[in-house]
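Asker: Return a 3D structure for these sequence lines:
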Amino acid sequence: MINMFSSGPTTEMNYKFVDLVDIPKLQDLMDSFYAVTGVTNALLDADGEILVAAGWQDICVKFHRSNPITEKRCKESDTQFVKFFDASSALNNRYFEYTCGNGLVDVGIPVYVEGNHLANFYIGQFVYEKPDVEFFRVQANEVGFAEKEYLEALDKVPIFTRGQIDQLMDYFIKVVSFLTDSGLQKLKLTRAEEALLLDEKRLEALLKLNQMYDATFEDIIDFVREESITLTNSKIGYLAILNEDGTLLSMHPQKQADVGECIAKDDVPDYPLEYAGFWVEAVRYGRPIITNDHEALDPLKKESPGEHLKILRNMDIPVFDGDKIVAVMGVGNKETPYVESDVRQLTLLMDGMWRMVKRRKAEGDLYKSERRNRSILNSIPDLIFKFSGDGTFMDYNAPSEESLMIPAMEFIGKNISDIFPKHISTPSIVNIKKALKDGNIEILNYQMDLDEGVRYYESRFVATGEDEVLAIIRDITDRKESEKILREKAEAEAANLSKSKFLANMSHELRTPLNAVIGFSEMLASKNFGELNEKQERYVNNISSSGSHLLEIINDILDLSKIEAGKMELFIEEFNSLDAIDEVCYSLMPLILKKDLKLNFSVDEDVGWIFADITKFKQILYNLLSNAVKFTSEGGSITISGSIIGKEGHFSVEDTGKGIAADSLSSIFDPFSQVEKFETKVEKGTGLGLALVKRFVMLHEGRVWVESELGKGSKFSFSLPIDPVHIGESSMPYLK
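Answerer: Got it, this is the predicted structure:
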């Protein structure tokens, strides 16, 4: 309602007088009012701007307001009206009357709409009685007016009684009240329509947001920011996301290309809350903040993101997730002041946006989780059945339909006792009930006789709900077979270990009497106890050579048994490998010469001092060279090679014998192995020499290999680390 005198209760004012009344029509009305009444009138807005003026007297226009002295008196009159309007609430519906210093009467009254001072109405430039001509003549001479023309203008000044003025003011109040009431209702209707339109735009924005299925988080941020700018008729905007502990804002400002200036620094995307300016007041106080006069802000609070864009006015809205602030939406530089309706629209938009973002995130997380779980389930090679508490099949997951023993339609909805035999169904139902009762994982192992043979299964029952249990069924047939193989292997190794211990003990017991046999036969052969005939001498020599051969076999068995029992020790020392090779060759030289074999050397100059167990090194080389001598035909050749490759010494013994068949190479280093190469007229070996070679090399953490072809001879090679640093300590507990 219009109130011409008192301010009354004030409501939010987001309109001006010109928004309520058609000014050109009001001007026509006031012109007619003047034509009928002869009353000069004017309507000014609250800022002093003239909206309507009619019938201004020449004495005021041409004289009083054109001379500095009389104009000053006019302004003093204006000041009195301002004082009246400021205190009008105390005047009990009285208009203000004032006789100016220039001798004319003015009457004024403020116009209030809904408690808001919107305009001031004036009538004036009149007198209540015939004017004192002498007063005006003196005034003309005082200020320098042309007396004749001035007095002629005075004659045109109307004379009214107080009763006429009261009637005129009452008429004007009613007219203006009617016009402003009509305009106010029309404006409210327009504003309501605008609010509905804004609601529609906001809902449309939320609908579009809800349809952005493939949008990234940045896409959503950009969309919401731009919609906020549009919804509030702003020119700039930003959205800042608060971190978990509420100390840092991650800025997402409007792009520089959209506003022509930079809102936030590109190299400072995150702002600590304690150092931020006015634009985080909404976070500090936990409520919307409107600043319609940015220049009036405390200088300490004027800092803007980047301080690049001039802020005229701004509005910041905190976004809540429950009681926690999670973001701030800011807009700025609207052409008109921000009002509560802007707060409402932006708050509703941001609340809806955040709920939607949370829902979309939850849906995305759920979708990813379901996909991940489904992928995990599909990648599991196990059958998975979902049972109710009584053992009814509810659902299943299978790597393939072929992995099901019967089609799904034949067991879904049926009880496990209807599908499986009692030795499976009965304990399964027991485990289902135990899993539901105790919450523990229950395990059942069983076997089934199928067409392809016996299969073994393991079922794990785990409760997943009040009346739901998952049964994860795994075919463990392969595991059972592997366990059987491992068990048999362990038994074989135990038997082999027992054999090794037995052989070691037996060999030890045999060596004592055997040494006596060899010793006594050698004493007899030396003829220290008398001459021997030819036959006796032959027998004694046979006894000695056979005993020595048997002792060699026993020593090999002892070495192999020690290695297999893990009791073989290495004594690492530095020695000259060339000297060791010479010693081995010298010990076998009688046999080499006897068979007229050619012994070749291909040893690099840098092969010399190495770290190894010298005894084992000699035995490795002795076994390889003695084999080459034994199985190379008379007149053949043997080549010993040596070189340094990296951190290893490589050695080989190559002969021109008959070679080894390809299918025998894989077992050549196995104990007691007798392969085709050894099918010659010479005495066969024990099959332990190469086995010892391999184990001695492996104790040094080296490698051994063979290259051979039937009819072309063989080449046995081995490599040893030449530096003790490269020999594992586990292999040399007595390294010195």
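Asker: Just the strands from the stretch 101-250 of the chain, written as ranges.
Answerer: Secondary structure of the stretch 101-250 of the chain (DSSP state E, counting those that start in this stretch): strands located at 105-113, 116-126, 236-242, 248-253.
Asker: Report the mean per-residue pLDDT for the second one.
Answerer: What it means is strand 116-126. Averaged across strand 116-126, the pLDDT comes to 86.
Asker: Given it, what are its sheet partners and their directions?
Answerer: In the sheet, strand 116-126 lines up against strand 40-45 (antiparallel), strand 105-113 (antiparallel) (DSSP bridges).
Asker: Output those as a markdown table; include the columns distance to Y98 and mean pLDDT.
Answerer: Using the backbone N, CA and C atoms, a C-beta is placed for each residue, glycine as well. What follows is these, written out as a markdown table (distance: least, C-beta to C-beta, whole Å; pLDDT from 0 to 100):
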| stretch | distance to Y98 | mean pLDDT |
| --- | --- | --- |
| strand 40-45 | 14 | 88 |
| strand 105-113 | 6 | 85 |
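Asker: so where is the stretch 1-150 of the chain shaky, pLDDT-wise?
Answerer: The stretch 1-150 of the chain contains residues with pLDDT under 70 at 1-14, 86-94.
Asker: what about the closest residue to H117 other than its chain neighbours, how many residues close to it?
Answerer: In this structure, H117 finds its nearest non-sequential neighbour in A46, 5.3 Å apart by C-beta to C-beta, 6 or more residues apart in numbering. Applying other C-beta atoms under 10 Å, we find 16 other residues in the vicinity of A46.
Asker: coming back round to it: which one of the strands of the stretch 101-250 of the chain lies closest to N67?
Answerer: strand 116-126 (15.8 Å; C-beta to C-beta).
Asker: coming back round to it: the residue nearest to H117: what's it in contact with?
Answerer: Counting by C-beta atoms under 8 Å, 6 or more residues apart in numbering, A46 makes contact with 17, 117-120.
Asker: can you do 7 Å?
Answerer: Taking C-beta atoms under 7 Å, 6 or more residues apart in numbering, we find A46 in contact with 117-119.
Asker: related to what we said a few turns ago, relative to L470, which of the strands of the stretch 101-250 of the chain is closest?
Answerer: Nearest to L470 among those is strand 236-242 (39.7 Å), distances taken as C-beta to C-beta.
Asker: what helices or strands is the closest one leaning on?
Answerer: Applying 3 or more C-beta pairs under 7 Å, 6 or more residues apart in numbering; DSSP states H and E, one finds that strand 236-242 contacts helix 217-231, strand 248-253, strand 324-332.
Asker: Who does it pair with, and is each partner parallel or antiparallel?
Answerer: strand 248-253 (antiparallel), strand 324-332 (antiparallel).
Asker: how distant is the first one from the center of its chain?
Answerer: Translated: strand 248-253. 18 Å (C-alpha atoms, centre = their mean, to the nearest Å).
Asker: List the buried residues for it?
Answerer: Buried residues in strand 248-253, counted by 16 or more other C-beta atoms under 10 Å: 248-249, 251-253.
Asker: Kindly reformat these as TSV containing pLDDT and distance to P427.
Answerer: As requested, the buried residues of strand 248-253 are exported to TSV (pLDDT from 0 to 100; distance: C-beta to C-beta, whole Å):
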residue	pLDDT	distance to P427
L248	70	58
L249	72	61
M251	73	63
H252	72	60
P253	73	67
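Asker: just the residues you listed now: which is nearest G183?
Answerer: Nearest to G183 out of the buried residues of strand 248-253 is P253 (C-beta to C-beta; 40.3 Å).
Asker: Bridging across strands, which residues link to the closest one?
Answerer: Beta-bridge partners, per DSSP bridges, of P253: Y238.
Asker: And for R455?
Answerer: Note on R455: beta-bridge partners by DSSP bridges are M448.
Asker: Which residues are in contact with it?
Answerer: Contacts of R455 (C-beta under 7 Å, 6+ apart): 447-448, 475, 477.
Asker: Pull the most distant pair out of those.
Answerer: Using C-beta to C-beta, the two most remote members of these are Q447 and D475, lying 10.8 Å apart.
Asker: Who are the contact partners of E97?
Answerer: Contacts of E97 were listed using C-beta under 7 Å, 6+ apart, and they are 105, 107.
Asker: Could you say which helix or strand holds it?
Answerer: According to DSSP states H and E, E97 maps onto strand 96-99.
Asker: what ranges do the helices span in the stretch 301-450 of the chain?
Answerer: Listed in chain order, the helices of the stretch 301-450 of the chain (DSSP state H, counting those that start in this stretch) span 340-379, 416-419, 422-438.
Asker: Give me the helices and strands touching the first one, please.
Answerer: Taking 3+ C-beta pairs under 7 Å, 6+ apart as contact, the helices and strands that helix 340-379 lies on are helix 162-210, helix 217-231, strand 314-321, strand 324-332.
Asker: Could you dump the ones you listed into TSV and include mean pLDDT?
Answerer: Listed next are those as TSV, based on pLDDT from 0 to 100:
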stretch	mean pLDDT
helix 162-210	75
helix 217-231	79
strand 314-321	86
strand 324-332	85
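Asker: Out of the ones you listed, which is closest to I581?
Answerer: Smallest distance to I581 across these (C-beta to C-beta): 74.6 Å, for helix 217-231.
Asker: what's the angle between the closest one and strand 324-332?
Answerer: Taking axes from the mean of the first three to the mean of the last three C-alpha atoms, to 10 degrees, one finds helix 217-231 and strand 324-332 inclined to each other by 50 degrees.
Asker: Return the backbone torsion pair for L621.
Answerer: Torsion angles at L621 (phi, psi; degrees, to the nearest 10) stand at phi -70, psi -40.
Asker: what would the helices of the stretch 301-450 of the chain look like in JSON lines with mean pLDDT and distance to N515?
Answerer: Formatted as JSON lines, the helices of the stretch 301-450 of the chain follow (pLDDT from 0 to 100; distance: least, C-beta to C-beta, whole Å):
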{"stretch": "helix 340-379", "mean pLDDT": "77", "distance to N515": "67"}
{"stretch": "helix 416-419", "mean pLDDT": "90", "distance to N515": "74"}
{"stretch": "helix 422-438", "mean pLDDT": "91", "distance to N515": "66"}
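Asker: what's the most centrally placed residue in the chain in contact with, if anything?
Answerer: What sits nearest the mean C-alpha location of the chain, by C-alpha atoms, centre = their mean, is D365, with 12.3 Å. For D365, no contacting residues are found, by C-beta under 7 Å, 6+ apart.
Asker: ok, back up a step: may I see the buried residues of strand 248-253 arranged in TSV, with distance to H650 as well?
Answerer: Output for the buried residues of strand 248-253, formatted as TSV (distance: C-beta to C-beta, whole Å):
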residue	distance to H650
L248	64
L249	68
M251	67
H252	67
P253	70
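Asker: How many residues are close by E134?
Answerer: The number of residues packed near E134 is 8, by other C-beta under 10 Å.
Asker: what's the nearest residue to Y34 if we skip its chain neighbours?
Answerer: Sequence neighbours aside, G55 is the residue nearest to Y34 in space, at 3.6 Å (criterion: C-beta to C-beta, 6+ apart).
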